[in-house]
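> here is my input, please return the structure:
(chains A and B)
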Number of protein chains: 2
Amino acid sequence: MNIASIGLGLIGGSFALSLKKYFPEIKRFGMDNNPEHLQKALELNIIDEALHDENLFKMDVVIVSIPVDKASAVVQDILDKVHPKALVMDMGSTKGALCAAIAAHPKRSQFLAAHPIAGTEFSGPEAAFSLLFDKKTMIFCDVEATQPELVDIALSLVAPMEMTIKYMGAKDHDKHLAYVSHLSHISSFMLGKTVLQVEQNDKTIFDLAGSGFASTVRLAKSNPVTWTAIFKENKGEVVQALDEYIQNLKTFKAELETQNYTEIHQQLVNANELKPILNGILKKENHGN
Amino acid sequence: MNIASIGLGLIGGSFALSLKKYFPEIKRFGMDNNPEHLQKALELNIIDEALHDENLFKMDVVIVSIPVDKASAVVQDILDKVHPKALVMDMGSTKGALCAAIAAHPKRSQFLAAHPIAGTEFSGPEAAFSLLFDKKTMIFCDVEATQPELVDIALSLVAPMEMTIKYMGAKDHDKHLAYVSHLSHISSFMLGKTVLQVEQNDKTIFDLAGSGFASTVRLAKSNPVTWTAIFKENKGEVVQALDEYIQNLKTFKAELETQNYTEIHQQLVNANELKPILNGILKKENHGN
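Residues are numbered from 1 along each chain as shown, chains lettered A, B, ... in the order given. All right, here's what the predicted structure looks like:
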């Protein structure tokens, strides 16, 4: 079996490493816009060979893991060129615009919109590791638009990673992810910005900040290209989530200004409801790593 | 030496455990508003004996670790009653209002305003552990108002914990902490609230959220009583920090709405500047744990 990875960063690289571990017989091809990433992926044995337009037709599976604002054009181009029995799978964090863009493509049924809920704040092929996806959640979107035998191929590839598979509409996916992922990243980036504006002296932040600050601002280390693309592709849902978050912060500020501490206390108690869910996520994460 | 701990939660309990480890000869007394916490602290060998008003005068050191909105009254009361050579040390997260409240107390020079930058999202005596303070930062505020020989006692007690000691004015302390700690907690609590409002189905959050969400919302598990008190005591600085944070979020939203992706990308690049600082904090934390 020949599998090509378009995009050899954290996601594409880790998936290729994982495939190699579980399916040593697979021949792995790869392509990346960044020639240094391609070189590094070859050196790190993330792929076996560089992918060229000439051998694209020989691929059984093509996996696209690139900034989401480039995915629609790239997926369409690949669908144009692949073998009529090949599976093309996208691994990006947003799905609505992509699924809409390729809805009328004659080879739409060869495409599977996938999103593994896995990642770190690092990026590039050197951040890739073979365990990234183990025991995590994999979302397949609009799966009824994909040929069932190609969905089966995707399922068989991720089966040894013991991922939990969830099926969802692409629009629904983007709405949920705006809240449980994209908003967290904005909150973290802007928290980082706010602190850097005031604390001109890095040493002060370093000395005074504890693990709580490090935890809330961890995502501010994330890749700017990846995340600008996600905010762009999911603009509508992200603006909506951001609106609600800002409204909650303004309400909190008003309660503080009017010294309504009973209400503030109640809000903190309500937020504590996340405890069992968060403990579950951390357990799941540790399990996977 | 007799040392009393007023408040036997995460901070007071951990400090007492740490003292026992490094100074086994110290006799540890304790008091807590919550009779269950006192009982638990005795069971867990966090203290040796319950503290009563009658033996307060025999204490060499009294350490106050209670919700910060109660600290001014309690510290004044303890200063009234302690031996004229005793040290009274407060470990709360805010200092301005407390130092102002006791400025004119005849025994002001027996008081040291301290703040260890250490904690977890857990609370109560069962969350206490002896390593919490090791290699962390300890801030001493307005130290010129304390008798030098009493500062020396405090320094000798924390010396085996290898803490980094920082000296700071109480007002300055509250301003910095509003940014590097209090704001992180509000951002986390409100992020939790926003997601809970939309995701009525806990299972959806659990399935779709990854480690990024868990990291940014971790502080939403923090104790509501402790944190309502901190926001109350540091209201002015917290409102200011919150204002700037909300303004940054609104600017980000406006940039998204007007599709100014160049500027969004630049902001994410700027926030990435925190990387080395965050990596340093995590290294420091791991070292300490």
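> number of nearby residues for residue A:62?
28 (other Cβ atoms under 10 Å in any protein chain shown). Just so you know, the C-beta spots here come from the backbone N, C-alpha and C atoms, and that holds for glycine as well.
> helix or strand next in line after the host helix or strand of it, which one?
Using DSSP states H and E, the element containing residue A:62 is strand A:61-64. For strand A:61-64, the succeeding helix or strand toward the C-terminus, using DSSP H and E, is helix A:68-81.
> okay, buried residues for that following helix please.
A:68, A:69, A:70, A:71, A:72, A:74, A:75, A:76, A:78, A:79 (16 or more other Cβ atoms under 10 Å in any protein chain shown).
> before we move on, what about stretch A:31-51?
A:31, A:32, A:37, A:38, A:40, A:41, A:42, A:46, A:47, A:48, A:50, A:51.
> which residues in chain A form helices?
A:10-22, A:35-43, A:68-81, A:96-101, A:148-158, A:170-177, A:183-198, A:202-208, A:211-217, A:224-233, A:235-257, A:261-271, A:275-288 (DSSP state H).
> tell me which of those sits nearest to residue B:15.
Checking the helices of chain A against residue B:15 by Cβ to Cβ gives helix A:211-217 as the closest, at 17.5 Å.
> in chain A, which residue is closest to the centre?
residue A:93 (4.1 Å; Cα atoms, centre = their mean).
> so how far is chain B from it?
Per Cβ to the nearest Cβ, to the nearest Å, residue A:93 is found 10 Å from chain B.
> what's the single longest strand in chain A?
strand A:111-117 (DSSP state E).
> quick one: strands adjacent to it?
When pairing is defined by DSSP bridges, strand A:111-117 lines up against strand A:87-90 (parallel), strand A:137-141 (antiparallel).
> now the stretch 1-150 of chain A against chain B: closest residue?
residue A:117 (4.6 Å; Cβ to the nearest Cβ).
> beta partners for that residue?
Beta-bridge partners, per DSSP bridges, of residue A:117: residue A:137.
> quick one, what contacts it?
A:136, A:137, A:138, A:139, A:181, B:207, B:208, B:209, B:210 (Cβ atoms under 8 Å, 6 or more residues apart in numbering or on different chains).
> rerun that using 10 Å as the cut-off
Counting by Cβ atoms under 10 Å, 6 or more residues apart in numbering or on different chains, residue A:117 makes contact with A:93, A:133, A:136-139, A:163-164, A:166, A:177, A:180-181, A:281, A:284, B:207-213.
> how about the residues of the stretch 1-150 of chain A near chain B?
The stretch 1-150 of chain A comes close to chain B at residues A:69, A:115, A:116, A:117, A:118, A:119, A:120, A:121, A:136, A:137, A:139, as judged by Cβ under 10 Å from any Cβ of the partner chain.
> dump those residues into CSV; add pLDDT as well.
Converted to CSV, the residues of the stretch 1-150 of chain A next to chain B look like this (pLDDT from 0 to 100):
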residue, pLDDT
A:69, 97
A:115, 97
A:116, 96
A:117, 94
A:118, 92
A:119, 88
A:120, 85
A:121, 81
A:136, 93
A:137, 94
A:139, 97
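> separation between the nearest residue to residue A:101 once chain neighbours are set aside and residue A:47?
Spatial nearest neighbour of residue A:101, excluding adjacent residues (Cβ to Cβ, 6 or more residues apart in numbering or on different chains): residue A:72 at 3.8 Å. Noted for residue A:72: a distance of 24 Å to residue A:47, by Cβ to Cβ, to the nearest Å.
> any idea which helix or strand in chain A has the lowest mean pLDDT?
Within chain A, confidence by mean pLDDT, DSSP states H and E is lowest for helix A:275-288 among all helices and strands, at a mean of 69.
> now the strand holding residue A:62, how far from the centre of its chain.
16 Å (Cα atoms, centre = their mean, to the nearest Å).
> the residue nearest to residue A:55 when sequence neighbours are not counted: how many residues sit nearby?
Excluding its sequence neighbours, the residue lying closest to residue A:55 (Cβ to Cβ, 6+ apart) is residue A:29, at 6.7 Å. When neighbours are counted by other Cβ under 10 Å, residue A:29 registers 21.
> which residues touch residue A:29?
A:2-6, A:16, A:47-52, A:55-56, A:58-59, A:62 are the contacts of residue A:29 under Cβ under 10 Å, 6+ apart.
> try 6 Å
Residues near residue A:29 by Cβ atoms under 6 Å, 6 or more residues apart in numbering or on different chains: A:4, A:49, A:51.
> for residue A:230, same thing?
Contacts of residue A:230 (Cβ under 6 Å, 6+ apart): A:68, A:93, A:94.
> so what's the residue count around residue A:21?
Neighbours of residue A:21 using other Cβ under 10 Å come to 13.
> give me the nearest residue to it, chain neighbours excluded.
residue A:130 (5.0 Å).
> now the one you found, what are its backbone angles?
Phi and psi for residue A:130, reported as degrees, to the nearest 10, are phi -70, psi -20.
> to what extent is it buried, counted in neighbours?
18.
> quick check: it touching residue A:19?
No. With contact defined as Cβ atoms under 6 Å, residue A:130 does not count as touching residue A:19 (8.8 Å).
> okay, domains of chain A per the record?
A:2-168, A:173-288 (automatic domain parsing).
> adding distance to residue B:255, write the ones you listed out as JSON lines.
Formatted as JSON lines, those follow (distance: least, Cβ to Cβ, whole Å):
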{"stretch": "domain A:2-168", "distance to residue B:255": "15"}
{"stretch": "domain A:173-288", "distance to residue B:255": "9"}
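> select, out of the ones you listed, the one closest to residue B:270.
Using Cβ to Cβ, the nearest of the domains of chain A to residue B:270 is domain A:173-288, at 6.5 Å.
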